[in-house]
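J.: coords below, sequence missing:
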């Protein structure tokens, strides 16, 4: 072996031992560390569509949302929500909201942020619109309720009130307090 080969072998051996020593003492290179949390956090859906059935097992309503996420074992949060009844239910209402919460064991859906309920086929064929910031919706009983400020518009007529209870299948509304309105013949 030539002196040049021996020098090259010694340098390569020193480099290999040096890199092994540096890698062995570097704590950031540990293989046991995981870059993510392995705890189960629930699920999420994009462009979610959830179907609700009536007591007879037939489709009663559907919830469509841009996103649905399980926040806890008993709670689902929705964003950009639209809820509408099945055509066979003969309830011509569609409800929109920025956010919604559905809790396990509760038939009510809590809607928040720019809540709008639109109904067709109301008095004199005019469209009915209900607006509020918070609304509790029980789709199985066809009932919407709020204790917040609400604005109701039927054609050119409009009312504002604090609190409301409405039955969507009967097209009846009960305003709770501070009722003010503009009714044009």
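T.: Cool, got the structure. For clarity, every value in this text was computed on a predicted model and none was experimentally measured. Residues are numbered from 1 along each chain as shown.
J.: now stretch 159-168: average pLDDT?
T.: Across stretch 159-168, pLDDT averages out at 92.
J.: residues in contact with it?
T.: Defining contact as Cβ atoms under 8 Å, 6 or more residues apart in numbering, one finds that stretch 159-168 is touched by 85, 91, 93, 117, 119, 130, 132, 142-153, 172-182. Every C-beta, even on glycine, is put in place using the N, C-alpha and C of the backbone.
J.: buried residues in that stretch?
T.: Judged by neighbour count using 16 or more other Cβ atoms under 10 Å, the buried positions of stretch 159-168 are 159, 160, 161, 163, 164, 166, 168.
J.: so the fifth one lies in a strand, does it not?
T.: Yes - when the secondary structure is assigned by DSSP: H, G, I helix; E, B strand; the rest coil, residue 164 falls within a strand.
J.: tell me what it is bridged to.
T.: residue 146, residue 175 (DSSP bridges).
J.: just how off-centre is the longest strand belonging to the chain within its chain?
T.: Secondary structure of the chain per DSSP state E: the longest strand is strand 59-72. Strand 59-72 sits 6 Å away from the centroid of its parent chain (Cα atoms, centre = their mean, to the nearest Å).
J.: tell me which residues in it are buried?
T.: Neighbour-count burial for strand 59-72 [16+ other Cβ under 10 Å]: 60, 61, 63, 64, 65, 68, 69.
J.: and stretch 174-182, by the same measure?
T.: Neighbour-count burial for stretch 174-182 [16+ other Cβ under 10 Å]: residue 175.
J.: contacts for it?
T.: So stretch 174-182 is contacted by 147, 150, 152, 157-166 (Cβ under 8 Å, 6+ apart).
J.: one more: stretch 77-89?
T.: 48, 54, 58-69, 71, 91-102, 109, 111, 137, 139, 168-169.
J.: try 6 Å this time
T.: The contact list for stretch 77-89 (Cβ atoms under 6 Å, 6 or more residues apart in numbering) reads 59-61, 63-69, 71, 91, 94-97, 99-101.
J.: in the protein, where is pLDDT below threshold?
T.: Within the chain, the stretches with pLDDT under 70 are 25-41, 121-124, 184-185.
J.: now do the strands in it.
T.: Using DSSP E, strands in the chain cover 44-53, 59-72, 75-85, 93-103, 109-119, 128-138, 143-154, 157-167, 172-182.
J.: out of those, flag the one nearest residue 5.
T.: strand 44-53 (61.9 Å; Cβ to Cβ).
J.: how much space separates the most centrally placed residue in the chain from residue 139?
T.: Closest to where the C-alpha atoms of the chain average out (Cα atoms, centre = their mean) is residue 78, at 0.3 Å. Noted for residue 78: a distance of 13 Å to residue 139, by Cβ to Cβ, to the nearest Å.
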